[in-house]
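*Asks:* below: sequence and its predicted model.
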Amino acid sequence: GSVAIGAAAAASFGAVVAKPVMNTAKHEDQIRQVAITGEFAGTEQEAQLGATVRRNAQLFNQTTEDINKGLQVLVAEGVDARKAGDMSAILAKGATATRASFEDLAKMTANFDKVLGVKDMELAYSQVAKAGKLGSFEIKDMAKWFPNLGGMMKSLGVTGNEAVVSMASRLQIAKMTAGSSDEAANNLKNFLAKLTSPD
């Protein structure tokens, strides 16, 4: 009896072990793709990034696959590999808290970094989260729309964390008179376009 139970336990343990091994192979393949995009394949940075993503997946209860999707966006948008590794924790934490997609969060983060020059990314996420709690324009919608609005804010001379607060609060105000989040964001986009037009 105990031998049979032992064999059954070993078989089920084998099944449990097999899945992470398969995921590990997929994870390494995805990290390689990110590294190729960022032109650091085969370097120490690639190995460090892989380890960082694994750690953050466990810490924030996310899959390495989802985090890697966000990383691919960050690196494709020109975010430095080391910075992207640091941002993977913020992405994972943000996705866990907001249920926004990794791709949208990554586009927003890249916009904060490359366009608006946000120095304190943790603070930017806190600012977005606070606005989402106080208003009715949700974070997942901000993640979707901020990349469209960031460049317009910059052309008005508003950058950094100030731009994040400004966009977040204006979207909350726009939502008060709009039927949906998309309509509110479009209204703000049109307003900013008028402010930045030559006439």
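*Replies:* Okay, I see it.
*Asks:* can we go C-alpha only for contacts and neighbour counts from here?
*Replies:* Fine.
*Asks:* spatially nearest residue to residue 38 (excluding sequence neighbours)?
*Replies:* residue 75 (5.6 Å; Cα to Cα, 6 or more residues apart in numbering).
*Asks:* that neighbour contacts residue 37, correct?
*Replies:* Yes: Residue 75 lies in contact with residue 37 (Cα atoms under 8 Å); the separation is 6.7 Å.
*Asks:* and those two? Which one has more around it.
*Replies:* Comparing residue 75 with residue 37 by other Cα atoms under 10 Å, the one with more neighbours is residue 75, at 22 against 16.
*Asks:* could you give the mean pLDDT of the helix or strand containing residue 122?
*Replies:* Assigned by DSSP states H and E, residue 122 belongs to helix 121-134. Average pLDDT, helix 121-134: 93.
*Asks:* which secondary structure elements does that helix sit against?
*Replies:* Here helix 121-134 touches helix 81-98, helix 139-155, helix 160-176, going by 3 or more Cα pairs under 8 Å, 6 or more residues apart in numbering; DSSP states H and E.
*Asks:* can you lay out those as a markdown table showing mean pLDDT, mean neighbour count and distance to residue 51?
*Replies:* Output for the helices and strands packed on helix 121-134, formatted as a markdown table (pLDDT from 0 to 100; neighbours: other Cα atoms under 10 Å; distance: least, Cα to Cα, whole Å):
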| stretch | mean pLDDT | mean neighbour count | distance to residue 51 |
| --- | --- | --- | --- |
| helix 81-98 | 91 | 20 | 10 |
| helix 139-155 | 95 | 20 | 26 |
| helix 160-176 | 96 | 20 | 30 |
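*Asks:* would you list the ones you listed in CSV and tack on distance to residue 189?
*Replies:* As requested, these are arranged in CSV below (distance: least, Cα to Cα, whole Å):
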stretch, distance to residue 189
helix 81-98, 23
helix 139-155, 6
helix 160-176, 10
